[in-house]
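Trainee: Please work out how this folds:
(one chain, ligands or ions: 2)
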Amino acid sequence: MATEAASKPRVQAPKVQNQKMWIGGKWVPSASGKTFATLNPATGQEICQVAEGDKVDVDMAVLAARKAFEEGPWKKMSAAERGRLLNKLADLMEKNLHELAALESLDNGKPLNDAINADLPLSIKAYRYYAGWCDKNHGKTIPVEGDYFCYTKHEPVGVVGQIIPWNFPLLMVAWKWAPALAMGCTVVLKPAEQTPLTALRMGELALEAGIPEGVVNIVPGFGPTAGAAISSHMDIDKVAFTGEGKTGQLVMESAAKSNLKRVSLELGGKSPNVVFADADIDAAVNGAYFGLFFNQGQCCCAGSRLFVEEKIHDAFVEKLVARAKIQQVGDPFDPATTQGPQISQEQMERILSYIDAGNSEGAKMLTGGKRVGDKGYFVQPTIFSGVQDGMKIAREEIFGPVMNILKFKNIDEVIQRGNKTFYGLAAAVWTRDINKAHRMANSLRAGTVWINCYDVFDAAAPFGGFKMSGIGRELGEYALSMYSEVKTVYINLG
Ligand code: NAI
Ligand code: MG
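Mentor: Residues are numbered from 1 along each chain as shown. Ligands and ions are numbered 1, 2, ... in the order given. Purely as a prediction, here's the structure:
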């Protein structure tokens, strides 16, 4: 907390009232009357109480979503009008940008600067991008045999359940809602129990934008209750999930056992970030640093296996350690802060236990390794070198500010080792050799490969995982297929 005394917070953390659920365009308490606390991860203190949804509440939300899907103005609305409403929602986010960013920082702990400069613009862009798609998702005409006119239509998949995590709460709402609404679906969303506040505010903004009541419904609550009620629901047509791999497997299992609802999953990763000796070293140091430590290390696509070519290894590591030492860990509302708290006590303890595992398995801890302070859930930026492929910290998702550096000798070796994981979400390569860059891009089994960059996202470009990192692609044109059914129509012309 080096900066606490050095600079005064520019923005006050907002005051928040207790929150209800958002169903059918209204605030409603949970059927049980139960509530749960959402905490400020920077202090561990309660922000407010939030209605705790369970099966009955999910049922009510699904009824509202079904009604809006089958009967409401949403169904009759033109695709172009849906696009106007999505743009209106983006306008309202711009208008309320500082309020939303402050709420996000308060509930999630991310530095306010990051919320303002990354989460908000990326979220807004997603709504605008999909606003444009609403009236452009064409079917085809197909030259079949016989005297028939055959065409396809892309129809909305129906009522969609969406279960999201806590690391990018607003952005995850955007990635889930924007393509679903563009296609004309209606939604029941369960935000993560750690971060329900911005999603709930988005419900209100959606109504203000003119999106009819019941089109988006938000049921805050816990995974095994409200989440499981969504994935097993008989009247939800599709479930979209982002979170831990094991939870994704549960979601898929209950989707299979209930009504075979469509499933898309965005799960974790253990993404290789490969630095060759011929790279622009300073750019690679920055990219490697950002690729791991951004968002307190809580990124599904974090470059959590940093492979550095032997020839430059020691010099590279030295620069990284120096970079880690200037990280400013502290109050997310302090403009000087570059790293806020982890999301929860549970995650902080999990990260510290991975650090213990790194030490006991013989990796070399070069910096960090400890909790910061005794209030809130802050962890020092931590770097391990001498990490071996088989170590726990090299195999499992840590989801915290812990960097693992592995040494390699040549390209064949690093391709093989880079791919030696059940995950396949992302990968990155740093080199000035165009042939090497292409060979790596072709060989790495990952949904996104960044060359001489990291964490580049655009609403127009798909994102998702190979192997156990998920099923389906979010963003871009590809996401539309996750929210639509193809209907084939034959007309007898004979
Ligand atoms: P999680 O997968 O349990 O939680 C994500 C969402 O799923 C939350 O909304 C949660 O309430 C819900 N959920 C939990 N159990 C459920 C169930 N049985 N049925 C339906 N929904 C359920 O992740 P958690 O426990 O918050 O974090 C654990 C680890 O997962 C992290 O340390 C990290 O490694 C990974 N993770 C990955 C994320 C990603 O973006 N790929 C995001 C968050 C966590
Ligand atoms: Mg969990």
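
Trainee: beta partners of Phe241?
Mentor: With DSSP bridges applied, Phe241 shows beta-bridge pairing to Ile163, Leu265.

Trainee: does it really touch Gly248, like I thought?
Mentor: Yes. Between Phe241 and Gly248 there is a contact at 5.6 Å, judged by CB atoms under 8 Å. Where you see a C-beta, it was placed from the backbone N, CA and C, and this is true even at glycine.

Trainee: And these two? Which one has more around it.
Mentor: A count of neighbours by other CB atoms under 10 Å puts Phe241 above the other of Phe241 and Gly248, at 28 against 24.

Trainee: Kindly point out which residues are neighbours of both of Phe241 and Gly248.
Mentor: Leu265 (CB atoms under 8 Å, 6 or more residues apart in numbering).

Trainee: Phi, psi for Thr152 please.
Mentor: phi -120, psi 150 (degrees, to the nearest 10).

Trainee: Tell me who's in contact with it.
Mentor: Thr152 makes contact with Gly139, Lys140, Ile142, Val486, Lys487, Thr488, Val489 under the criterion CB under 8 Å, 6+ apart.

Trainee: Please tell me how far the second one sits from Ile491.
Mentor: When CB to CB, to the nearest Å is the yardstick, Lys140 and Ile491 sit 14 Å from each other.

Trainee: Who has more neighbours out of those two?
Mentor: Shown here are Lys140 and Ile491; by other CB under 10 Å, Lys140 has more neighbours (12 against 9).

Trainee: Quick check, that one in contact with His154.
Mentor: No. Lys140 is beyond contact range of His154, at 9.6 Å (criterion: CB under 8 Å).

Trainee: got the residues of this structure near ligand 1?
Mentor: Residues of the chain lying close to ligand 1 (CB under 6 Å from any ligand atom) are 163-165, 167, 190, 192-193, 222-224, 227-228, 231, 242-244, 247, 250-251, 266-268, 300, 347, 350, 397, 399.

Trainee: What's the ChimeraX syntax to select whichever of these are buried?
Mentor: With 16 or more other CB atoms under 10 Å as the criterion, this ChimeraX line picks the buried residues out of the residues of the chain next to ligand 1:
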select :163,164,165,167,190,192,193,223,227,228,231,242,243,244,247,250,251,266,267,268,300,347,397,399
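
Trainee: Mind checking which of the residues of the chain next to ligand 1 land in strands?
Mentor: The members of those that map onto strands under DSSP state E are Ile163, Lys190, Thr242, Glu266.

Trainee: What residues does the first one make contact with?
Mentor: For Ile163, the contacting residues are Leu189, Lys190, Gly223, Gly227, Ile230, Ser231, Val239, Ala240, Phe241, Thr242, Gly243, Val251, by CB under 8 Å, 6+ apart.

Trainee: what sits against the residue lying closest to the first one once chain neighbours are set aside?
Mentor: Meaning Leu189. Closest residue in space to Leu189, ignoring its immediate chain neighbours: Gln162 at 4.6 Å, by CB to CB, 6 or more residues apart in numbering. Shown in contact with Gln162 (CB under 8 Å, 6+ apart): Lys176, Trp177, Ala180, Val187, Val188, Leu189, Lys190, Ile230, Val239, Ala240, Phe241.

Trainee: Do a quick rundown of the strands in the stretch 51-200 of the chain.
Mentor: Along the stretch 51-200 of the chain, counting by DSSP state E, counting those that start in this stretch, strands occupy 141-142, 148-156, 159-163, 186-190.

Trainee: Starting from the shortest one, tell me which strands it pairs with and how they run.
Mentor: Partners of strand 141-142 in the sheet, by DSSP bridges, are strand 148-156 (antiparallel).

Trainee: coming back round to it: mind putting the contacts of Thr152 in JSON lines, distance to Ile355 included?
Mentor: Below are the contacts of Thr152 laid out as JSON lines (distance: CB to CB, whole Å):
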{"residue": "Gly139", "distance to Ile355": "53"}
{"residue": "Lys140", "distance to Ile355": "54"}
{"residue": "Ile142", "distance to Ile355": "58"}
{"residue": "Val486", "distance to Ile355": "49"}
{"residue": "Lys487", "distance to Ile355": "53"}
{"residue": "Thr488", "distance to Ile355": "55"}
{"residue": "Val489", "distance to Ile355": "59"}
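
Trainee: Which residues are in contact with the nearest residue to Asp389 once chain neighbours are set aside?
Mentor: Spatial nearest neighbour of Asp389, excluding adjacent residues (CB to CB, 6+ apart): Arg417 at 5.8 Å. Arg417 sits next to Pro272, Phe307, Asp389, Leu406, Phe408 when contact means CB under 8 Å, 6+ apart.

Trainee: Sort out which of those are buried, if you could.
Mentor: Buried subset of the contacts of Arg417 (neighbour count, 16+ other CB under 10 Å): Pro272, Phe307, Leu406, Phe408.

Trainee: From the rest of the structure, what touches stretch 474-486?
Mentor: For stretch 474-486, contacts defined as CB under 8 Å, 6+ apart pick out 126, 129, 133, 137, 139, 152-158, 160, 175-176, 179-180, 182-183, 185, 238, 240, 262, 264, 266, 457-464, 472-473.

Trainee: Mind doing that once more with 7 Å?
Mentor: The contact list for stretch 474-486 (CB atoms under 7 Å, 6 or more residues apart in numbering) reads 133, 137, 152, 154-157, 160, 175, 179-180, 182-183, 185, 240, 264, 266, 459-464, 472-473.

Trainee: Just the element for the residue nearest to Asp389, please.
Mentor: Arg417 is located in helix 411-418, with elements delineated by DSSP states H and E.

Trainee: got any ranges where the chain has weak pLDDT?
Mentor: Within the chain, the segments meeting pLDDT under 70 span 1-10.

Trainee: from the stretch 251-400 of the chain, which residue is nearest to ligand 1?
Mentor: Taking CB to the nearest ligand atom, ligand 1 has its nearest neighbour within the stretch 251-400 of the chain at Cys300, 3.2 Å off.

Trainee: Relative to Asp455, how far out is that residue?
Mentor: Separation of Cys300 from Asp455 (CB to CB): 11 Å.

Trainee: likewise Val414?
Mentor: Distance of Val414 to Asp455, computed by CB to CB: 20 Å.

Trainee: Look at those two and report which has more neighbours.
Mentor: More neighbours surround Val414 than the other of Val414 and Asp455, with 24 against 19 (other CB under 10 Å).

Trainee: can you give me the helices in the stretch 51-200 of the chain?
Mentor: Assigned by DSSP state H, counting those that start in this stretch, the stretch 51-200 of the chain shows helices spanning 55-70, 73-76, 79-95, 97-108, 112-114, 120-133, 169-182, 197-209.

Trainee: hmm, who's touching the longest one?
Mentor: To tie it back to what came earlier, the one meant is helix 79-95. Here helix 79-95 has contacts from 100, 120, 123-124, 127-128, 130-132, 134-135, 178, 181-182, 184, 205-206, 208-211, using CB under 7 Å, 6+ apart.

Trainee: List the buried residues in that helix.
Mentor: Arg82, Gly83, Leu85, Leu86, Asn87, Lys88, Leu89, Ala90, Leu92, Met93.

Trainee: got it, and the first one?
Mentor: By neighbour count with 16+ other CB under 10 Å, helix 55-70 contains the buried residues 55, 57-69.

Trainee: From the residues you listed, pick the one nearest ligand 1.
Mentor: Of all the buried residues of helix 55-70, ligand 1 sits closest to Val58, with 10.7 Å by CB to the nearest ligand atom.
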